[in-house]
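Q: The sequence isn't on hand, but the structure is:
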């Protein structure tokens, strides 16, 4: 019991000596701490933003039903070419999808641009055609779409639903019940969608397929086909059935050339998002760790300088009976405190920066993100900085402990 009390008292004394030494050289100490602050700041801010982005995407995916399949033309790894290059799924391909075993509902979703006028303003908008009778229940129950204002349109009527960016940025003041002229034809705004998670989707206008075809002149094909799996069927099995049918259509229409399609289930999307975000987070940790290691080198340099400046003090300590372990502990605690203070500063600044980005994006929504600073992430930042501090101080501490008392006392 007495030994335990003595050990605690010695550690308290080591802390007092370490804090005193840091206060004696405040400018050097704070400059050293700044190196750790920058590294931890990068780690915490980037990881919290990437984790928040991953959480937002996963939440959107969880809102979708697990029995949905998306079919796109082209390769999933080259979606820019798919959408910008004008690739489409033809009506014959849509018919092939409908023939696949286990397919319940098939909803082609073509899109195209057109001009719209509200009051005295005329601007271009992206239109999406859909068959409200087939798609409305799927949008609501399986994809989690909801309205912030108004009501859903009735099939066959000149009613539209607009993304929530349209009344905010495109046509400020646009409300349900207002009339929007699209290519000279009047449409009533039935409702305003709740955010779908990205600015592009939130700028879309959704209208009945027949009117979409009249306005855009697009009568064949779609850039996306949404498939709801029939009850009792396995989603992956139905996806394979769709792929088989599309390959057969390609062979019949193009000889042996098979058109390229990407068939994606919600589970596959979740896996893809998880893998991509894991790679991004590893890259973030790797690059930010370099900054922390640079800060660690700064701590090592500071501690070596401190050892040389305090050589006589070390000699006196050893002359009055201080053990090597005690000398090592004093310098390790000092370097650990530098790392920990830097970690605290980096965590606070990182969380504040991430929250500022979150607030900025809410008012300038290119995409939607929420900073996620979990207790585990904060603990990781503090532990990592403290560990780097201790490791950086180990070699200077060992050097100080190996000094001979006589040489240290004679050092000028």
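A: Received, thanks. Just so we're clear, the structure is a prediction, and the values are computed from it rather than from any experiment.

Q: just checking, what packs against the longest helix anywhere in the chain?
A: Secondary structure of the chain per DSSP state H: the longest helix is helix 266-309. On a contact count with 3 or more Cβ pairs under 8 Å, 6 or more residues apart in numbering; DSSP states H and E, helix 266-309 meets helix 26-63, helix 235-254, helix 324-363, helix 375-401. All C-beta spots, glycine's among them, are computed from the backbone N, C-alpha and C.

Q: if you set the cut-off to 10 Å instead, what comes out?
A: Other elements packing on helix 266-309 under the criterion 3 or more Cβ pairs under 10 Å, 6 or more residues apart in numbering; DSSP states H and E are helix 2-24, helix 26-63, strand 68-73, helix 235-254, strand 261-265, helix 311-319, helix 324-363, helix 375-401.

Q: now these as TSV including mean pLDDT, distance to residue 301 and mean neighbour count?
A: Below are the helices and strands packed on helix 266-309 laid out as TSV (pLDDT from 0 to 100; distance: least, Cβ to Cβ, whole Å; neighbours: other Cβ atoms under 10 Å):
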stretch	mean pLDDT	distance to residue 301	mean neighbour count
helix 2-24	61	15	12
helix 26-63	76	8	20
strand 68-73	85	55	22
helix 235-254	76	57	17
strand 261-265	82	52	19
helix 311-319	68	17	18
helix 324-363	82	11	20
helix 375-401	82	9	20
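
Q: any chance of those in TSV, plus distance to residue 140?
A: Converted to TSV, these look like this (distance: least, Cβ to Cβ, whole Å):
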stretch	distance to residue 140
helix 2-24	61
helix 26-63	11
strand 68-73	13
helix 235-254	20
strand 261-265	20
helix 311-319	74
helix 324-363	25
helix 375-401	35
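
Q: Which of these sits closest to residue 207?
A: strand 68-73 (20.8 Å; Cβ to Cβ).

Q: and that closest one, how far out from the chain's middle?
A: Distance of strand 68-73 from its chain centroid, counting by Cα atoms, centre = their mean, to the nearest Å, is 23 Å.

Q: now for that strand, which elements pack on it?
A: So strand 68-73, by 3+ Cβ pairs under 10 Å, 6+ apart, packs with helix 79-84, helix 91-99, strand 103-109, strand 224-229, helix 235-254, strand 261-265, helix 266-309.

Q: for residue 145, what are its contacts?
A: By Cβ atoms under 10 Å, 6 or more residues apart in numbering, the contact list for residue 145 reads 63, 135-136, 138-139, 152, 161, 193-194, 196, 206.

Q: Next, it: secondary structure please.
A: coil (DSSP: H, G, I helix; E, B strand; the rest coil).

Q: From the centroid of the protein, which residue is nearest?
A: Closest to where the C-alpha atoms of the chain average out (Cα atoms, centre = their mean) is residue 53, at 2.5 Å.

Q: That one is in contact with residue 280, isn't it?
A: Yes - checked against Cβ atoms under 10 Å, the pair residue 53 and residue 280 is within contact range at 8.7 Å.

Q: what's the most buried one of the helices and strands packed on strand 68-73?
A: For the helices and strands packed on strand 68-73, the largest average neighbour count (mean count of other Cβ atoms under 10 Å) is found in strand 224-229, namely a mean of 22.

Q: Mean confidence (pLDDT) on that one, please.
A: For strand 224-229, the mean per-residue pLDDT is 88.

Q: From the contact counts, what lies against it?
A: Using 3+ Cβ pairs under 10 Å, 6+ apart: strand 224-229 touches strand 68-73, helix 91-99, strand 103-109, helix 132-137, helix 235-254, strand 261-265.

Q: Ok, which of the ones you listed comes nearest residue 45?
A: Closest approach to residue 45 among the helices and strands packed on strand 224-229 (Cβ to Cβ): strand 261-265, 31.6 Å.

Q: helix, strand or coil for the closest residue to residue 159 other than its chain neighbours?
A: Among residues not flanking residue 159 along the chain, residue 153 sits closest, at 3.5 Å (Cβ to Cβ, 6 or more residues apart in numbering). Secondary structure state of residue 153, per three-state DSSP, is coil.

Q: My understanding was that residue 153 contacts residue 205; is that so?
A: No - with contact defined as Cβ under 10 Å, residue 153 does not reach residue 205; the gap is 11.2 Å.

Q: Tell me the residues that contact both of the two, please.
A: With Cβ under 10 Å, 6+ apart as the test, residue 153 and residue 205 both reach 160-161, 187, 189.

Q: Which members of those residues define the maximum pairwise distance?
A: Farthest-apart pair in those is 161 and 187; separation 10.3 Å (Cβ to Cβ).
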